[in-house]
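> with the input below, show me the fold.
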Amino acid sequence: MIFTFSGTGNSLYAAGVLAETGEAVIDMAKCCREKTFSFTPAPGERVGFVFPVYCGGVPSPVRYFARRLELTEEPEYVWAVITCGAKIFAAGGMLRGLLAERGVILDAVFPLKMPDNCVTLYELPPEETQQQTLADAERELSVLKERIRAQELPDDAPTLADRAATAAMYPAYANMRSVKKFWSDDSCVGCGVCAGRCPTRVIEMIDGRPHWVHDRCARCMACLRCNAVQYGTKTVGRTRWVHPALRKKKHAHG
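Numbers count the residues shown, from 1 in each chain. Predicted coordinates for the structure are as follows:
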């Protein structure tokens with residue numbers, strides 16, 4: 001089984017590629033909403049986690065899920081693939097500590113570079129750069145699939161510099177989770193897709209417009225896949241990132 005969390009589709013796609021035939025891909029945010037935390041690995045089954053790094057650490061839904069996870073049988077091998085634009089810093093060590101509190105030993109952590117997409121902070125790289133990153137990620141996913149199948153035990157401990165970077169960046173994540181700057185512009189047609197995409201169900205449709213009804217969200221940027229949703233003035237006119245697999249899925253379903 002593979003537990004995943006994804007906002008713009010990068011980690012969801014990676015989890016799907018890494019899943020063996022018939023292997024379940026389980027949405028951690030949905031588990032948090034439904035209070036489902038107990039799972040029973042089959043004999044010899046591997047357990048994986050795939051999610052993006054946020055501010056050098058673990059996204060809030062992943063942290064919430066990991067602190068409550070119960071594996072009723074010991075898995076054969078536990079691994080994590082953490083997607084990033086550049087580095088995962090000490091996110092792997094953070095996950096390892098969270099799982100250890102639940103008696104789960106994380107055997108391996110692998111970083112995976114995917115297209116950078118933090119549109120609230122900066123303009124996205126050019127399309128050709130993103131496409132090259134995708135091509136590189138496809139090759140790396142093939143390698144990672146074999147490394148996981150071989151149950152490798154890499155020396156993945158974060159460096160002192162990585163731990164220092166996470167210690168400096170991660171506290172800011174709590175402030176970044178504020179929803180105060182989210183709004184919808186006049187191009188909003190009231191379709192409600194942003195509310196449906198929100199993994200933590202922070203968005204509700206009221207009088208045909210999205211409203212962020214809680215103080216904080218996961219800051220996953222799933223709602224910002226819609227050009228009508230803005231974050232302050234920073235995102236106005238900026239290109240939004242959605243993994244091509246999600247765009248194809250949307251078109252396939254009309």
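
> any idea how far the closest residue to residue 46 other than its chain neighbours lies from residue 120?
Nearest non-adjacent residue to residue 46, counting by CB to CB, 6 or more residues apart in numbering: residue 77, 4.5 Å away. In short, each C-beta sits where N, CA and C put it, glycine included. Distance of residue 77 to residue 120, given as CB to CB, to the nearest Å: 36 Å.

> relative to the whole chain's centre, how far out is the helix or strand containing residue 129?
Residue 129 is part of helix 127-149 when elements are defined by DSSP states H and E. Distance, stretch centre to chain centre, for helix 127-149: 16 Å (CA atoms, centre = their mean, to the nearest Å).

> buried residues, that helix. List them.
The neighbour-count check on helix 127-149 (16 or more other CB atoms under 10 Å) flags 130, 133, 134, 137, 140, 141, 144, 148 as buried.

> now the strands for this protein?
2-4, 25-27, 38-39, 46-52, 70-71, 77-84, 108-113, 182-184, 203-206, 209-212, 229-231 (DSSP state E).

> same list (the ones you listed) but as CSV, adding mean pLDDT and mean neighbour count.
Shown next, in CSV, are the strands of the chain (pLDDT from 0 to 100; neighbours: other CB atoms under 10 Å):
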stretch, mean pLDDT, mean neighbour count
strand 2-4, 98, 22
strand 25-27, 97, 17
strand 38-39, 98, 14
strand 46-52, 98, 26
strand 70-71, 98, 15
strand 77-84, 98, 23
strand 108-113, 98, 20
strand 182-184, 97, 19
strand 203-206, 97, 16
strand 209-212, 97, 19
strand 229-231, 97, 22
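
> reformat these as JSON lines; add distance to residue 61.
Shown next, in JSON lines, are those (distance: least, CB to CB, whole Å):
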{"stretch": "strand 2-4", "distance to residue 61": "10"}
{"stretch": "strand 25-27", "distance to residue 61": "9"}
{"stretch": "strand 38-39", "distance to residue 61": "16"}
{"stretch": "strand 46-52", "distance to residue 61": "9"}
{"stretch": "strand 70-71", "distance to residue 61": "17"}
{"stretch": "strand 77-84", "distance to residue 61": "14"}
{"stretch": "strand 108-113", "distance to residue 61": "19"}
{"stretch": "strand 182-184", "distance to residue 61": "17"}
{"stretch": "strand 203-206", "distance to residue 61": "15"}
{"stretch": "strand 209-212", "distance to residue 61": "16"}
{"stretch": "strand 229-231", "distance to residue 61": "19"}
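
> nearest to residue 16, out of the ones you listed?
strand 25-27 (6.1 Å; CB to CB).

> list the strands paired with the closest one, with their directions.
strand 2-4 (parallel) (DSSP bridges).

> and the strand it pairs with, how far out from the chain middle?
Distance of strand 2-4 from the chain centroid (CA atoms, centre = their mean) equals 10 Å.

> okay, now the domains of the chain?
The chain breaks down by automatic domain parsing into domains covering 2-172, 178-252.

> deepest in the core, which of the ones you listed is it.
Ranked by average neighbour count under the criterion mean count of other CB atoms under 10 Å, the domains of the chain are headed by domain 2-172 at a mean of 18.

> most distant residue from the centre of this structure?
residue 207 (30.5 Å; CA atoms, centre = their mean).

> wait, residue 239 sits on residue 122?
No - look at residue 239 against residue 122 with CB atoms under 8 Å: they stay out of range, at 11.2 Å.
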